[in-house]
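[1] Turn this into a structure:
(one chain, ligands or ions: 1)
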Amino acid sequence: MKIAMGCDHGGIHLKEHIKKYLMGKGIEVIDHGTYTEDSCDYPDYAAKLCKDITSGVSGAERGILVCGTGIGISIAANKCKGIRAALCADVFSAKMSREHNNANVLCLGERTTGVGLAEMIVDAWLETEFAGGRHARRVEKIMDLEKACD
Ligand code: RB5
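    Now for the predicted structure:
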C-alpha cells in the first residue's frame, strides 16, 4: 500500500509521527512536505497531495493531511476535483468516512488529536472499505456537485 502525506507547520510533528508509524507497518509513504517548522500555507500542501492522488503520478490512491486543527487543510483539499477529504477526530467517523463517503483523503489536527488516538483513526481509516450500494449513488451526487456548482 502507498499513502501520500502532507502538512503545514502546525501539523508537522503529527505528520512525522504517522509517517513513521505507517512505514513501521511496511506501508510506503510519499511525503509532500512541509519538512520544517517554518511557517507556511496549508493550501499549498493540500494542493500538492491532492494533485498526486488525482493524477495517479505516485500510485498513491489515498492520502493523509495534517494541520493544526485539520480544518483549513480539509477545506482546501475539498476544493480539488476528485477529492473527498474527511476531517476525523474519532475512530467511528474515520470508519464511516470510508464506508459511507469513500473518503480518499483523511485530515487530522495536531493540536486537537493526540498521537495515540491519531494512530487508531489512521488504522480504522486504512482498514475500512467503501460499502458501495446506496452510498455509491450519494457519493456520485457529491462528485456531480463539482460540475453543478462551477
Ligand atoms: C496554522 O497556524 C494553523 O492556522 C493551521 O495549521 C490550521 O490549523 C488551519 O486550519
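
[2] in what helix or strand does Leu65 lie?
    Counting by DSSP states H and E, the secondary-structure element that holds Leu65 is strand 62-67.

[3] Look up the pLDDT of Asp150 for me, please.
    Taken from the predicted model, the pLDDT recorded for Asp150 is 69.

[4] brain fart, Lys147
    Reading off the per-residue confidence, Lys147 sits at a pLDDT of 87.

[5] Check the gap between it and Ala94 for me.
    Counting by Cβ to Cβ, to the nearest Å, the gap between Lys147 and Ala94 amounts to 29 Å. For the C-beta atoms, the positions are set from N, CA and C on the backbone; glycine is no exception.

[6] between those two, who's got more neighbours?
    Higher neighbour count among Lys147 and Ala94: Ala94, with 25 against 8, using other Cβ atoms under 10 Å.

[7] which residues touch the more buried one?
    Taking Cβ atoms under 8 Å, 6 or more residues apart in numbering as the definition of contact, the neighbours of Ala94 are 86, 88, 106, 121-122, 124-125, 128.

[8] Show me what counts as buried in whichever helix or strand it is part of.
    Remark: Ala94 resides in helix 91-99, with elements defined by DSSP H and E. With burial defined by 16 or more other Cβ atoms under 10 Å, the residues of helix 91-99 counted as buried are 91, 93-98.

[9] Equivalent analysis for stretch 53-60, please.
    Buried, per 16+ other Cβ under 10 Å, within stretch 53-60: 53, 58, 60.

[10] Model confidence score at the last one, please.
    If I follow you right, that is Ala60. So, for Ala60, pLDDT stands at 97.

[11] Show residues contacting the helix or strand bottoming out on mean pLDDT in the chain.
    Of all helical and strand segments in the chain, the minimum by mean pLDDT, DSSP states H and E falls on helix 134-148, at a mean of 95. The set of residues external to helix 134-148 that reach it, using Cβ under 8 Å, 6+ apart, is 81-82, 84, 99-102, 130.

[12] Kindly recompute the last result at 6 Å.
    Residues outside helix 134-148 that contact it (Cβ atoms under 6 Å, 6 or more residues apart in numbering): 81, 100, 102.

[13] Much appreciated, bye for now.
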